[in-house]
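Participant: Output the structure for:
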Amino acid sequence: MLQNMENMLKKAYNEKYAVPQFNINNLEWTRFILEECEQLRTPVILGVSEGAVKYKGGYKTVVDIAKGLIEHLEITIPVAIHLDHGTSYESCRDAIKAGFTSVMIDASTHPIEENVRITKSVVDYDKNVTVEAEVGAVGGEEDGIEKELAYAELEDAIKMVNESGVHFLAPALGSVHGPYKGEPKLDFIRMAKINNELNIPLVLHGASGIGDNLIKEAISNGVAKININTELQIAWSNAVREFLLENPNVYDPRKVIKSGEEALKKIVRDKVTLFGSAGEA
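Facilitator: Model (predicted):
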């Protein structure tokens, strides 16, 4: 059964581990992730970008696929379905109406006052849905939209949480979407200050490619949700390319897509182990 992120992230925050968000791009990825997380007994967040929503046939289709797989596979772990980087009040509203249990409103391109106002409007829309917001700007490319990295200011983070009532915060602290060019530079001093002031679960975006030691330090500084997408995409596509080179006469799309299953599941296993969420369901 789908649920919002409140209980799973509060528990993770208090017990110093992180719940993984794995972005889903099709039915098969959703199945692979659910199967592996059930085996590992970890709560999981299925992240869906607006681009993935369009690709998969709309918000309701995304929810129906997740619900159908949870029932068919007899999934018993906590599962949230979360709109990743919703760009407007309207997109978040439509996701919630379709059955999304959690949404991220990303109004970080606006001045902080407007960011807070838009975020509060989403929080007020449905009190049964958890809401995540971004302060500062996570760099890199997300769904074809390029953003320059802008580190979150402590004052803005406090203002966002106090005035909007948002449940979780994704402060931009040096991570970026997509492959890293050089070494990630996370600002742990700023992260610790934000964590100490706010005392709510923090979210780390752009975690693909960040070293294990940095991930563990982030978790110790209040990060209770970590998003993984790029590493899944790279692992799956590399496995599929290798399969097609070795099997040039295969044309069944089911076999092609499934050829990346084990590579994708290995990333899921590795991240769940690193984040410390195995056995927490």
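Participant: Would you map the strands across the stretch 1-150 of the chain?
Facilitator: 19-23, 44-49, 79-86, 102-105, 130-135, 139-142, 145-147 (DSSP state E, counting those that start in this stretch).
Participant: Pass me the low-pLDDT residue ranges in the protein, would you?
Facilitator: Along the chain, segments meeting pLDDT under 70 span 138-149, 175-184.
Participant: hmm, 90 instead?
Facilitator: Low-confidence segments of the chain, defined by pLDDT under 90: 1, 109, 136-152, 172-187, 205-210.
Participant: Tell me the gap between the longest helix along it and the middle of its chain.
Facilitator: The helix that spans the most residues within the chain, counting by DSSP state H, is helix 230-246. Averaging C-alpha positions (Cα atoms, centre = their mean, to the nearest Å) puts helix 230-246 21 Å from its chain's average.
Participant: just stretch 31-43 next, same as before
Facilitator: A distance of 15 Å separates the centroid of the chain from that of stretch 31-43, by Cα atoms, centre = their mean.
Participant: Tell me which stretches of the stretch 51-200 of the chain form helices.
Facilitator: Taking DSSP state H, counting those that start in this stretch, the helices of the stretch 51-200 of the chain run over residues 59-72, 89-98, 112-125, 154-164, 188-198.
Participant: what's the first one in contact with?
Facilitator: Put plainly, it is helix 59-72. 1-2, 24, 27, 30-31, 34, 46, 48, 52-53, 56, 75, 79, 81, 94-95, 97-100 (Cβ atoms under 8 Å, 6 or more residues apart in numbering). Placement of C-beta: from N, CA and C, glycine included.
Participant: ChimeraX command for the buried members of those?
Facilitator: Burial among these is assessed by 16 or more other Cβ atoms under 10 Å; the matching ChimeraX selection reads:
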select :2,24,27,30,31,34,46,48,52,53,56,75,79,81,94,95,98,99,100
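Participant: sorry, back to before: please work out the angle formed by the directions of the longest helix of the chain and strand 19-23.
Facilitator: Here helix 230-246 runs at an angle of 50 degrees relative to strand 19-23 (axes from the mean of the first three to the mean of the last three Cα atoms, to 10 degrees).
Participant: list the helices and strands helix 230-246 packs on?
Facilitator: Judged by 3 or more Cβ pairs under 8 Å, 6 or more residues apart in numbering; DSSP states H and E, helix 230-246 is in contact with helix 253-258, helix 261-275.
Participant: Quick one: closest of the ones you listed to Asp106.
Facilitator: helix 261-275 (22.5 Å; Cβ to Cβ).
Participant: Go through that closest one and flag the buried ones.
Facilitator: For helix 261-275, using 16+ other Cβ under 10 Å, the buried residues are Glu261, Ala263, Leu264, Lys265, Ile267, Val268, Arg269, Lys271, Val272, Leu274, Phe275.
Participant: ditto for stretch 237-249
Facilitator: Ala239, Val240, Phe243.
Participant: quick one: contacts for the first one?
Facilitator: If you count contacts by Cβ under 8 Å, 6+ apart, Ala239 has them with Ser259, Gly260, Glu262, Ala263, Leu264.
Participant: would CSV of those with distance to Gly279 be doable?
Facilitator: Converted to CSV, the contacts of Ala239 look like this (distance: Cβ to Cβ, whole Å):
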residue, distance to Gly279
Ser259, 30
Gly260, 26
Glu262, 22
Ala263, 24
Leu264, 21
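Participant: of those residues, closest to Glu114?
Facilitator: Leu264 (38.0 Å).
Participant: show me the contacts for the closest one.
Facilitator: When contacts are counted by Cβ under 8 Å, 6+ apart, Leu264 touches Trp29, Phe32, Ile33, Leu232, Ala235, Trp236, Ala239.
Participant: how about a cut-off of 7 Å?
Facilitator: By Cβ atoms under 7 Å, 6 or more residues apart in numbering, the contact list for Leu264 reads Trp29, Phe32, Leu232, Ala235, Trp236.
Participant: Can you tell me the closest non-neighbouring residue to it?
Facilitator: Here the nearest residue to Leu264 in space, its sequence neighbours aside, is Trp236; by Cβ to Cβ, 6 or more residues apart in numbering that works out to 4.7 Å.
Participant: how close does that neighbour get to Asn25?
Facilitator: 9 Å (Cβ to Cβ, to the nearest Å).
Participant: From the neighbour counts alone, determine which of the two ranks first.
Facilitator: A count of neighbours by other Cβ atoms under 10 Å puts Trp236 above the other of Trp236 and Asn25, at 23 against 17.
Participant: Redo the buried residues of stretch 237-249 as a markdown table? Include distance to Met104.
Facilitator: Formatted as a markdown table, the buried residues of stretch 237-249 follow (distance: Cβ to Cβ, whole Å):
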| residue | distance to Met104 |
| --- | --- |
| Ala239 | 29 |
| Val240 | 29 |
| Phe243 | 34 |
